[in-house]
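[1] next come a sequence and a model predicted from it.
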Amino acid sequence: MEADKNTVVPGRLAVDLCGLVLKNPVMTASGTFGYGEEYAPFCDLNRLGAIVVKGLSLEPRAGNPPPRIMETRCGMLNAVGLQNVGVRAFIAKKLPFLRQFNVAVIANIFGETIDEYRRVTEILTHAAGVNAIEVNISCPNVKKGGVAFGAHPDAAASVTEAVRGETDLPVIVKLTPNVTDITEIAQAVESAGADAVSLINTLTGMSVDIERRRPHLANVTGGLSGPAVKPVALRMVWQVIRSVKIPVIGIGGISTAADALEFLITGASAVQIGTANFIHPAATMEIIDGIEDYMIRHRIGCMQDLLGSLQTDG
Amino acid sequence: MAEKPSIAIGQVMENRSVAPGHFLLTIRLPLSFATPIPGQFVMIRDPDRDEPLLPRPISVYGFQREDGHAILNLLCRVAGRGTSLFSRLNSGSTLTVLGPLGRGFTIDPDVRQILLVAGGVGAAPLAFLLQECVFSKPHSAKRQVTAYLGAGTAELLTGLNRFEGFCNLRTATDDGSCGYHGNVTEMLALDLGEYDAKSTLILACGPMAMIRSLDLLLRDTRIRCQVSLEERMACGVGACLGCVVAIKEGEGRNGYRRVCHDGPVFDIGEIHWNPPVEG
């Protein structure tokens, strides 16, 4: 029997991400969706595949001085510097709000030392209501930690091992594109026990105010995100998919359902929406609808039939 | 209490140049758009353009409901590429309007004298506040309002017609072409002794240099002062942490607060002018 193309198959968009079943593959990228509450007036949080919260550290962090952001052609630079409330305040004040919704909560974590990553993981694992950990070893805007761990396979593996040893929750490691060979890092974290990798974090960039002859950002450099980075992100996702067995989550400039579908067809198991939230607060809702419309139009019954369906010659 | 913000499609009814580099947008919105509190802002974006990417924050200059629509007025200064494109929008163009956003001005019941202090296009949110004071609030009769408006030249005193006749008005221009010859804070300094510190509230909006000199002027007084700040924003809703201002948090601690969500209106004493840079 031919399926009515207008019938929405329950669970058509569901994906299994290292044991975590998501109702659809659309997540919010860390740092672009706050702790969920900021977007609740504009989005039905219940409809999201997952919410990845703003990066959490052991203690609250003030972040970098302003100016922190600058729009560039087809993108934006940011150097927020991981300002956050700290993991304990997140659990006490932010997590209860998120738990009201039927949505997976992924805690993005950051540390200046391996021990800090370990302790943040321990605290989150004992708090009810966190469904997975995303390990940020790729922030370009802080002096200690961050990309210092993400740029070297051994250091990336050490952080992954430390987090892995502390939790039974799925561990996703978020990778930086600011390396010569991202597959090397991906393989290192896979061997160290990561359940999935997410990529890419921002590309390090810079912008100058020619009238004042000063950098636009107080931090001088910042991370480039937005549509400008999408082809680079997609290329790296494609490379990593071919070099590891664990699921890959695609991130980078995804603004529309078509953008998301490029990553899914290439083989990403899920996608994260970042800068697009700033451009259009309901971007995630439109992307979910657009993926569903595409699947109905192409008579694709489940995500497994779509993911990695990319045809290449040779 | 602020009403819930929404994303609305607006239609430009009129786009008029009001001074060199300044324009007044009149936007028709669905009736469901929440009523802004003076000091709140909206994020506007041209949905027909891929670029610029980010919406731009503009404070509310006027808001009314008529003929089944909400009418939003935005007084803007051309500050960069985004606002430059807005200045050339034709009537009939559509804009996405996100808002109303942020924390507006709050006037305590014991306030008897309100001083509005504006620099340039900073007059916009104060004109909206004056409109609300004059036309909406039943107890406004008990309050005196005096506006101190400053700008570079007479023609840059934008929004002047929204103050004339509705409050006491003093103007200052850098070139002396209208009113006091000098900046608005100097002009205010001359009058400040006439006001009763306990019952006076200053509401201000303008360039950071003006706000900083206002802070210095008020430091030795007990006059309350709220300022509306401007900062580059990405999201406008508190998520991106891009628009922060350094704030004194007590016990010698400092922190960054979001202009979009914790402000844009802050007590002037909260602002930390020389915050230590974290290593």
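    Looks like it came in fine.

[2] ok, B:S84 - contacts?
    B:V78 (C-beta atoms under 8 Å, 6 or more residues apart in numbering or on different chains). Bear in mind the C-beta positions are built from the backbone N, C-alpha and C, glycine included.

[3] surely A:E286 is within a helix?
    Yes - counting by DSSP: H, G, I helix; E, B strand; the rest coil, A:E286 is part of a helix.

[4] ok, how many other residues are close to it?
    By other C-beta atoms under 10 Å in any protein chain shown, 15 other residues sit near A:E286.

[5] mind checking pLDDT for the nearest residue to it once chain neighbours are set aside?
    Nearest non-adjacent residue to A:E286, counting by C-beta to C-beta, 6 or more residues apart in numbering or on different chains: A:A257, 7.0 Å away. The model reports A:A257 with a pLDDT of 98.

[6] check contacts around the residue nearest to A:S191 when sequence neighbours are not counted.
    Closest residue to A:S191 apart from its sequence neighbours, by C-beta to C-beta, 6+ apart: A:A157 at 6.5 Å. Counting by C-beta under 8 Å, 6+ apart, A:A157 makes contact with A:188-189, A:191-192.

[7] adding secondary structure, neighbour count and pLDDT, write those residues out as TSV.
    Converted to TSV, the contacts of A:A157 look like this (DSSP: H, G, I helix; E, B strand; the rest coil; neighbours: other C-beta atoms under 10 Å in any protein chain shown; pLDDT from 0 to 100):
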residue	secondary structure	neighbour count	pLDDT
A:A188	helix	20	97
A:V189	helix	30	98
A:S191	helix	13	98
A:A192	coil	21	97
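
[8] just flag the most distant two among those residues.
    Maximum pairwise distance in those, criterion C-beta to C-beta, is 7.4 Å, between A:V189 and A:S191.

[9] still on that earlier bit, so which strand or helix has the residue nearest to A:S191?
    In this structure, A:A157 sits in helix A:153-164 according to DSSP states H and E.

[10] after that helix comes which helix or strand?
    strand A:171-174.

[11] avg pLDDT for that next one?
    Strand A:171-174 carries an average pLDDT of 98.

[12] sorry, back to before: and which of the contacts of A:A157 is nearest chain B?
    A:V189 (26.9 Å; C-beta to the nearest C-beta).

[13] which residues touch that closest one?
    Applying C-beta under 8 Å, 6+ apart, the residues contacting A:V189 are A:156-157, A:160, A:173, A:175, A:197.

[14] now the helices for the chain?
    Looking at chain A here, since you left the chain open. A:87-89, A:95-99, A:114-126, A:147-150, A:153-164, A:182-191, A:230-241, A:257-266, A:276-279, A:283-297, A:303-306 (DSSP state H).

[15] oops, chain B please
    B:81-87, B:123-135, B:184-191, B:208-218.

[16] mind putting those into TSV with mean pLDDT and distance to B:E14?
    Output for these, formatted as TSV (pLDDT from 0 to 100; distance: least, C-beta to C-beta, whole Å):
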stretch	mean pLDDT	distance to B:E14
helix B:81-87	95	13
helix B:123-135	90	16
helix B:184-191	95	29
helix B:208-218	94	29
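
[17] deepest of these, which one?
    Compared across the helices of chain B, helix B:123-135 shows the largest average neighbour count, a mean of 23 (mean count of other C-beta atoms under 10 Å in any protein chain shown).

[18] same for it, what does it pack against?
    For helix B:123-135, the packing partners by 3 or more C-beta pairs under 8 Å, 6 or more residues apart in numbering or on different chains; DSSP states H and E come out as strand B:56-59, strand B:62-66, strand B:69-77, strand B:113-119, strand B:144-151, strand B:200-205.

[19] let's have those in TSV, adding distance to chain A, mean pLDDT and mean neighbour count.
    Formatted as TSV, the helices and strands packed on helix B:123-135 follow (distance: least, C-beta to the nearest C-beta, whole Å; pLDDT from 0 to 100; neighbours: other C-beta atoms under 10 Å in any protein chain shown):
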stretch	distance to chain A	mean pLDDT	mean neighbour count
strand B:56-59	10	97	26
strand B:62-66	19	94	15
strand B:69-77	16	97	22
strand B:113-119	20	96	25
strand B:144-151	21	95	24
strand B:200-205	18	96	25
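
[20] of the ones you listed, which is nearest B:R162?
    Going by C-beta to C-beta, the one of those nearest B:R162 is strand B:62-66, 7.7 Å.

[21] for the closest one, packing partners?
    Packing partners of strand B:62-66 (3+ C-beta pairs under 8 Å, 6+ apart): strand B:69-77, helix B:123-135.

[22] do you know which of those lies nearest B:T173?
    So among those, helix B:123-135 is nearest, using C-beta to C-beta, at 13.1 Å.

[23] residue contacts, the closest residue to B:N183 other than its chain neighbours?
    Nearest non-adjacent residue to B:N183, counting by C-beta to C-beta, 6+ apart: B:G150, 5.6 Å away. B:G150 makes contact with B:118-120, B:171-174, B:183-185, B:187, B:206, B:210, according to C-beta under 8 Å, 6+ apart.

[24] check the stretch 101-250 of chain A for the residue nearest chain B and tell me.
    Per C-beta to the nearest C-beta, A:G226 is where the stretch 101-250 of chain A lies closest to chain B, at 5.8 Å.
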